[in-house]
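Enquirer: Sequence and predicted model, in that order:
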Amino acid sequence: MRQMLGLGTAKRVISEVRSDLAAARDRDPAARTAGSIEILLGWAGVQALLAHRFAHALHEHEVPVLPNLIAYGSRAVTGVEIHPAAKIGGDFFIDHGSGVVIGETAEIGCCCTLYQGVTLGGTGFARGKRHPTLGEYVTVGSGAKLLGPIMVGAGAKIGANTVVIKDVPENSTVVGNPGRPVRVEGRKVSGPDSDWTHLSDPVADALQAMVERIVELEARLAEFDGKQRGVAIVRELRPGSGPSSAGG
Ligand SMILES: CC(C)(COP(=O)(O)OP(=O)(O)OC[C@H]1O[C@@H](n2cnc3c(N)ncnc32)[C@H](O)[C@@H]1OP(=O)(O)O)[C@@H](O)C(=O)NCCC(=O)NCCS
């Protein structure tokens, strides 16, 4: 049943927009010293969210056509597509904006952050709940695709370009395609097939075996002609550690 759009709804939307502005200032180092007007004018992710807050309020009151028009206009301006029915909690921040898609039945808890190019999408033509649900304090890295009615536990971090098609445990870090937890509660995951980022690289193994055979053949050749050949240098293909890539 259609309800009246009242002062209560307006107050709620204004307080949501305020908390989104605070989230931008809190989580984007470039916005730390920017004023509210500057952020509203210059941060596409914040503009998209502002449009969504209004579109969602109108959608909840069963206003026809207008919510979709607002979402369409917002997409044209910001490159962020949020369905008016998507439920988004407070303190939400979309960094850089462009390319983000948030589907109709997606639900996002408080204090989440999405980077550019994130999709919270469905897997096919199923009806009903078909988009992801994110708990509180979830961070989703740029280009990550979260598909289907999966649950992402509170405090989870999804690495850039990860493809997630299964539920994600709370306070875990999930990376890769398909996405798998590599950290849970700050600790490396243990057990068979869990340390998949360190599985041996078959191409590197084949090259290493070839180098060993060449060294052996050169040593044997040297026995015949007395010439010493240079030692082959084998560089590690994948460094064991590096700086954290988290953050904008
Ligand atoms: C996943 C992420 C949040 C880091 O989370 P974290 O809990 O601090 O995890 P770590 O940095 O300890 O990484 C855990 C492991 O996953 C690997 N990893 C991290 N991010 C990865 C990614 N996107 N894809 C594949 N592997 C990744 C790390 O190399 C590390 O491997 P190790 O076990 O061999 O050391 C971060 O790497 C990331 O992707 N952030 C998104 C940032 C982003 O999108 N920025 C856009 C700015 S414009």
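Expert: That came in fine, so what should we check first? Residues are numbered from 1 along each chain as shown.

Enquirer: Output stretch 9-27 as PDB, restricted to C-alpha atoms.
Expert: Only the C-alpha atoms of stretch 9-27 are listed here, as PDB (Å, rounded to 0.1, in the frame of the first residue of the first chain):
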ATOM      1  CA  THR A   9      11.500   9.900   5.600                       C
ATOM      2  CA  ALA A  10      13.200  13.200   4.700                       C
ATOM      3  CA  LYS A  11      14.900  13.200   8.100                       C
ATOM      4  CA  ARG A  12      16.100   9.700   7.600                       C
ATOM      5  CA  VAL A  13      17.500  10.400   4.100                       C
ATOM      6  CA  ILE A  14      19.300  13.500   5.400                       C
ATOM      7  CA  SER A  15      20.900  11.600   8.300                       C
ATOM      8  CA  GLU A  16      22.000   8.800   5.800                       C
ATOM      9  CA  VAL A  17      23.600  11.400   3.500                       C
ATOM     10  CA  ARG A  18      25.400  13.000   6.500                       C
ATOM     11  CA  SER A  19      26.800   9.600   7.500                       C
ATOM     12  CA  ASP A  20      27.900   8.900   3.900                       C
ATOM     13  CA  LEU A  21      29.700  12.200   3.800                       C
ATOM     14  CA  ALA A  22      31.400  11.300   7.100                       C
ATOM     15  CA  ALA A  23      32.400   7.900   5.700                       C
ATOM     16  CA  ALA A  24      34.000   9.500   2.600                       C
ATOM     17  CA  ARG A  25      36.000  11.900   4.800                       C
ATOM     18  CA  ASP A  26      37.000   9.000   7.100                       C
ATOM     19  CA  ARG A  27      38.000   6.500   4.500                       C
END
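
Enquirer: all helices for the chain, in order.
Expert: Counting by DSSP state H, the chain has helices at residues 7-27, 36-42, 44-60, 66-78, 202-225.

Enquirer: Pull the distance from the longest one to the chain's centre.
Expert: Relative to the mean C-alpha coordinate of its chain, helix 202-225 is positioned 44 Å out (Cα atoms, centre = their mean, to the nearest Å).

Enquirer: do stretch 69-80 as well
Expert: Per Cα atoms, centre = their mean, the centroid offset for stretch 69-80 relative to its chain is 20 Å.

Enquirer: What of stretch 141-160?
Expert: 6 Å.

Enquirer: Quick check: phi and psi on the residue lying closest to H83 once chain neighbours are set aside?
Expert: Nearest non-adjacent residue to H83, counting by Cβ to Cβ, 6 or more residues apart in numbering: E104, 4.1 Å away. Every C-beta, even on glycine, is put in place using the N, C-alpha and C of the backbone. Backbone torsions of E104, given as degrees, to the nearest 10, read phi -50, psi -40.

Enquirer: Pick out the residue nearest the middle of this structure.
Expert: With distances taken as Cα atoms, centre = their mean, V140 lies nearest the centre of the chain, 2.5 Å away.

Enquirer: quick revisit: can you tell me which residues contact the residue nearest to H83?
Expert: Each residue near E104 by Cβ atoms under 8 Å, 6 or more residues apart in numbering is listed here: H83, A85, A86, R130, H131.

Enquirer: Give me the neighbour count for the closest residue to C110 other than its chain neighbours.
Expert: Excluding the flanking residues, the one nearest C110 by Cβ to Cβ, 6+ apart is G89, at 3.9 Å. By other Cβ atoms under 10 Å, 16 other residues sit near G89.

Enquirer: Can you verify my assumption that G89 contacts Y137?
Expert: No - taking contacts as Cβ atoms under 8 Å, G89 lies outside contact range of Y137: 10.3 Å.

Enquirer: which neighbours do these two share?
Expert: Contacts common to G89 and Y137, judged by Cβ under 8 Å, 6+ apart, are G109, C110, C111, C112.

Enquirer: For those residues, give me CSV that also has distance to the ligand and pLDDT.
Expert: Shown next, in CSV, are those (distance: Cβ to the nearest ligand atom, whole Å; pLDDT from 0 to 100):
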residue, distance to the ligand, pLDDT
G109, 17, 97
C110, 19, 96
C111, 15, 96
C112, 13, 97
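
Enquirer: Alright, that wraps it up for me.
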